[in-house]
Each structure stands twice: as structure tokens, then as C-alpha cells.
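Participant: model this:
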Amino acid sequence: MVSSSNFVTIGSDLEFYEEKLFFLGSHQEELFVIEFGPHMCVFPTVSLVRRCGAVNPPVLDNTEQHRNLVRSPDGLLLVVRYFTITWDQLTAVRVLELDTGSFNWSEKRTLGPMSILISLNSSKCIDASGHDEIRSDHVYFVDHFCPQFLPAAEDAPQFSYRSQVYSLKTGLVTEQLIGREPTSRRPGYPMWFFPTD
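Facilitator: Below is the predicted model:
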């Protein structure tokens, strides 16, 4: 079974692209591709698992990284977030695009009219022009890697999530307060919902 393989580690991420499953494993340091046999929709069977290579995004001094795979209309993207060593501040974001022939990554300086939305269980690259509340060339994060994403206990019962938005154009990080509501217990994690393609 794929789920028992030793490349499945904490922080692993996956994305379907070109009828294959791309898997960011081995502590987000290697990319794997999983191919399926015929009749996948009836009874999926893995026909091939192969290592595509190491994932080596640009290194920024005195930072830690978290990475997410995201499918875009044009290809497969890797979103790299850079945090201070103490993980309490987002300092930069880089977006890389995969060449599925050579399995090399190249940096994208702009998303054009697109934006990327990332949450714990769902991520997507969308055309921002059809959405009033989403700005193009921005990356929206709603997950527990956002600094102070979950407020301290003394902030209860007024609960809120703190999400972050990164502009690829200006490099600025802004915070958004979401999900503010009185509660006696912590709700689940927010996530993005997308209409089917």
C-alpha cells in the first residue's frame, strides 16, 4: 500500500495532475509520482511509484520553510513559505512551476490574473477576475502555519482565526481575521470549498 511507504512523512502533500498523483514526501524534500493501472475509477491500483528528484527551492538565510503542491490551469506549482527560525513571522513566499518532462522547478515571478488559495485540506489556483474578494497575484493562507492562527486561551470565548495574504507583486504580508464567533469550544479548521471543474 502507498500509505505505508517510508516516503510518507509529516508534512507530506499531494496533488493530482495529468492523471497521476504527485506526492511531496520525505519531509517535503523529495517529489514522487504515483501512476495507476487501468480502470482507476472502478478499483484504483498503483502500477508505478517513482522518485522524481529532490525539491530544492531557493534558500533564504535564517528561515524555515513549509511547502504545498497546487495544481494550476497551466501546470503543477510548489508554493514555498519562508518563516523566521521561531516560526512566528512569515517573511516571504516563492512559487515554483514543475517541468513534468525534466522534473525541474522554475520560479514564477507573477501569477498574472490568478491567485492561490491554501488551507489544511484543500488548495487551488483560481482566476481572481471573477471574484470580488480575491486579488490577483496573491496567495491566501488559511492553515495552522499562519502565525497566531489559533488565538491564546485568554482570547476565548471570542474565537477567531488569523489568516494571511501574501502579495507576489509587493512582497507584503497582510493578516485577515476570520471566523469570529462566541464559542465554548474550538471549532474545526477552516478550509476552501471550490465548485467542481
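Participant: C-alpha from now on. contacts and neighbour counts both.
Facilitator: OK.
Participant: so where's this structure uncertain?
Facilitator: For the chain, the stretches flagged by pLDDT under 70 are 1-11, 38-47, 151-160, 179-188, 195-197.
Participant: for L60, what are its contacts?
Facilitator: Y82 (C-alpha atoms under 8 Å, 6 or more residues apart in numbering).
Participant: same check, this time on the one 10 residues further on
Facilitator: Taking C-alpha under 8 Å, 6+ apart as the definition of contact, the neighbours of V70 are 15, 76-79, 116, 123-125.
Participant: now V33
Facilitator: 20-23, 49-52.
Participant: among the contacts of V70, which are in strands?
Facilitator: 15, 76-79, 116, 123-125 (DSSP state E).
Participant: could you dump those residues to CSV with neighbour count and distance to H27?
Facilitator: Compiled in CSV, the ones in strands among the contacts of V70 are given as follows (neighbours: other C-alpha atoms under 10 Å; distance: C-alpha to C-alpha, whole Å):
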residue, neighbour count, distance to H27
E15, 19, 16
L76, 21, 19
L77, 24, 18
L78, 22, 14
V79, 20, 15
I116, 27, 22
S123, 23, 19
K124, 19, 22
C125, 19, 23
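Participant: F103: which of those residues is nearest?
Facilitator: Distance to F103 across these (C-alpha to C-alpha) is lowest for L76, with 10.6 Å.
Participant: Could you list everything that closest one pairs with in the sheet?
Facilitator: Beta-bridge partners for L76, by DSSP bridges, are R71.
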